[in-house]
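S.K.: Predicted structure and sequence below. I'll ask about it afterward.
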Amino acid sequence: MAANNPYAQYQQNAILNAKPEQLVTLLYNGAVKYTKQADMALEKKDLQAAHNAMVQVQDIITYLQATLNMDYEVSEQLDSLYEYVYDQLLQANLKKDPAILAQVLKIIEELRDTWTEALTKQAGGVQASTRQADGGANGG
């Protein structure tokens, strides 16, 4: 029935038409969303919902880790960080510990915010170089 739901259709189109860097942002946002859902489920003592949400985050982290381009030095650091986050998610899920989940959420939010900032700076650099290349004719 997703085809009848305009919001679901919009989300699917956004994912299918997203650039790779936008997909990473969507994945980080998803990880944040599911981590928060897991935390709320733990508060409500809904252990199955908490488990399901944490597994969703684990899947996202696994995907981010698997798609790292290891040609860059930062990828090794991200790989280690993703491994740590994954391990913490396992512990949070086994122990049903909201404190561990809070640590995971903080790390994922920092990763997302850093990624978003890097994209913004990159876009600003591209715009500046474009203005320089065309002699500032585009309002530069």
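M.R.: Right, received. Where do you want to start? Numbering: from 1, shown residues only.
S.K.: From now on I want contacts and neighbour counts done on CA atoms only, so please keep to that.
M.R.: Fine.
S.K.: tell me which residues of stretch 24-31 are tucked away?
M.R.: 24-29, 31 (16 or more other Cα atoms under 10 Å).
S.K.: any idea which of those residues is closest to residue 116?
M.R.: Relative to residue 116, the closest of those is residue 25; by Cα to Cα it sits at 7.0 Å.
S.K.: rewinding a little: among the buried residues of stretch 24-31, which ones are in helices?
M.R.: Counted as lying in helices by DSSP state H, out of the buried residues of stretch 24-31, are 24-29, 31.
S.K.: Turn those residues into CSV, columns for pLDDT and distance to residue 118.
M.R.: Formatted as CSV, the entries for these read as follows, by pLDDT from 0 to 100; distance: Cα to Cα, whole Å:
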residue, pLDDT, distance to residue 118
24, 93, 12
25, 94, 11
26, 93, 15
27, 96, 16
28, 97, 14
29, 96, 16
31, 98, 19
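S.K.: Contact partners for the residue most central in space within the chain?
M.R.: When the chain is reduced to its mean C-alpha position, the closest residue under Cα atoms, centre = their mean turns out to be residue 28, at 0.8 Å. Contact criterion Cα atoms under 8 Å, 6 or more residues apart in numbering gives 60, 108-109, 111-112 as the residues in contact with residue 28.
S.K.: Those in strands, which ones?
M.R.: Under the assignment DSSP state E, those contribute nothing to strands.
S.K.: Please identify the one among those residues that lies nearest to residue 4.
M.R.: For those, with residue 4 as the reference and Cα to Cα as the criterion, the closest is residue 60, at 26.6 Å.
S.K.: For residue 94, see how far away that closest one is.
M.R.: 18 Å (Cα to Cα, to the nearest Å).
S.K.: of the two, who's got more company?
M.R.: Under the neighbour definition other Cα atoms under 10 Å, residue 60 and residue 94 were set side by side, and residue 60 has more, 20 against 10.
S.K.: Hmm, residue 33 and the more buried one touching each other?
M.R.: No - counting by Cα atoms under 8 Å, residue 60 stays clear of residue 33, with 11.3 Å between them.
S.K.: Great, nothing more from me.
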